[in-house]
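Participant: quick one, what's the 3D model for this:
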Amino acid sequence: MTTLPSRMRGLSMVGWMVVIVIAIVLGTAAIRIIPAYLEYSTINTAINNTLQDNRIIMQSDNEIRQAIDRRFSVNNVSAISSRDLAISKDGGRLHIGLDYEVREPLFGNIDIVISFQKDYEKSTR
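Facilitator: Below you'll find the predicted structure:
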């Protein structure tokens with residue numbers, strides 16, 4: 001009685017190369033994206049901490065920008081400055097609008113674009 005060889009299982013060399021290339025692309029993208037999200041988290045925290053200050057209600061737009069800039073400076077934020085924020089007071093509410101994007105190179109002429117947008121609001125009453 002002869003036995004037939006069983007089918008081989010597992011990935012071939014080409015299969016492994018495809019898996020490695022995909023892992024490298026995803027790893028590189030993660031290395032580029034994570035710092036942008038960490039900086040966005042820092043920006044979000046700085047604006048929220050500024051809004052928690054009770055004196056913010058009485059301050060002018062320029063004083064609010066200076067307070068936010070101080071927090072950005074302490075936290076080493078370089079993606080935006082307070083001049084990039086839309087600050088307005090209307091109807092007893094303070095509005096701060098955040099809208100920016102980060103462009104990071106991935107490979108050659110391929111870039112990753114990450115867009116961040118958030119509106120903050122505080123009652124001035």
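
Participant: center of the protein, which residue is that?
Facilitator: For the chain, the residue sitting closest to the mean C-alpha position, by CA atoms, centre = their mean, is residue 37 at 2.9 Å.

Participant: so where do the helices sit in the chain?
Facilitator: 13-52, 61-74 (DSSP state H).

Participant: state the mean pLDDT of the longest one.
Facilitator: By that I understand helix 13-52. For helix 13-52, mean pLDDT rounds to 94.

Participant: report the angle between the axes of it and helix 61-74?
Facilitator: 140 degrees (axes from the mean of the first three to the mean of the last three CA atoms, to 10 degrees).

Participant: report the buried residues of helix 13-52.
Facilitator: 32, 36, 39-40, 42-43, 46-47, 50-51 (16 or more other CB atoms under 10 Å). No exception for glycine: its C-beta is placed from N, CA and C like everyone else's.

Participant: quick check: residue 58 vs residue 89, distance?
Facilitator: 11 Å (CB to CB, to the nearest Å).

Participant: quick one, which of the two is more surrounded?
Facilitator: residue 89 (15 against 8; other CB atoms under 10 Å).

Participant: isn't that one up against residue 95?
Facilitator: Yes. With contact defined as CB atoms under 8 Å, residue 89 reaches residue 95; the gap is 7.4 Å.
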